[in-house]
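J.: Pasting a predicted model and its sequence here:
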Amino acid sequence: MSLFNVFDVSGTALHAQTLRLNTTASNMANANTASSSIDKTYRARHPVFAPMLDAFDEPQTGVGVQVLGIVESNAPLKKEFNPNHPLADKEGYINLPNVNVAEEMANMISASRSYQSNIEIMNSAKQMLLRTISLGQ
C-alpha cells in the first residue's frame, strides 16, 4: 500500500462519516414528528458501511469504506395517548418515531470524531509526502 492510498482510504471514510452525520441529523430533526397512521410515521435510518479491500487476484477495486445503503430501524414505534392532538386516531393515540435522541447524539459525536481523525490522517500523510519531496532537494 503506497502513501497515496491513504488519501483514498481517508477520502472514502470522510464521505461515509458525512453520510452518517446527515442521516443522524435527519433522525434528530424528525424525532418528535407525530403521525396519525403507523405507515406514515418516520422511522430512524442508519447507514450501512463495509470495507473495500484491494484483492490481489482481481483488478484494482480500491481500498476504503463503501456505503452499502441506508436501512430503516426495526425498533417499535412509540404510541402516545394525546386525544387533543389533531393527528390523534379514534382511540386518542398518536404515533411517534422510533428515534432514540441519546443514541443519535452519541452517533453524531462518534461520526464527528471519526471525521476529525481522518482529516488528521490526511494532514499527516501530506506532511510525510512533503518531507519526502524535500529530501531530494
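T.: On my side now, so go ahead. Numbering: from 1, shown residues only.
J.: What helices and strands are in contact with the longest helix seen in the chain?
T.: Scanning the chain for the longest helix, with DSSP state H as the assignment, gives helix 101-135. Secondary-structure packing of helix 101-135 (3 or more CB pairs under 8 Å, 6 or more residues apart in numbering; DSSP states H and E): helix 5-29. C-betas here are computed from N, CA, C, even on glycine.
J.: Give me the most central residue, this protein.
T.: Using CA atoms, centre = their mean, the residue of the chain that lies closest to the mean C-alpha position is Arg20, 1.4 Å off.
J.: May I have the residues that are in contact with Thr41?
T.: 35, 77, 95-97 (CB atoms under 8 Å, 6 or more residues apart in numbering).
J.: One more pass at 7 Å, please.
T.: With contact set as CB atoms under 7 Å, 6 or more residues apart in numbering, Thr41 has these partners: 35, 77, 95, 97.
J.: Would you report the backbone torsion angles of it?
T.: Backbone torsions of Thr41, given as degrees, to the nearest 10, read phi -70, psi 140.
J.: State the distance from it to Val99.
T.: Separation of Thr41 from Val99 (CB to CB, to the nearest Å): 10 Å.
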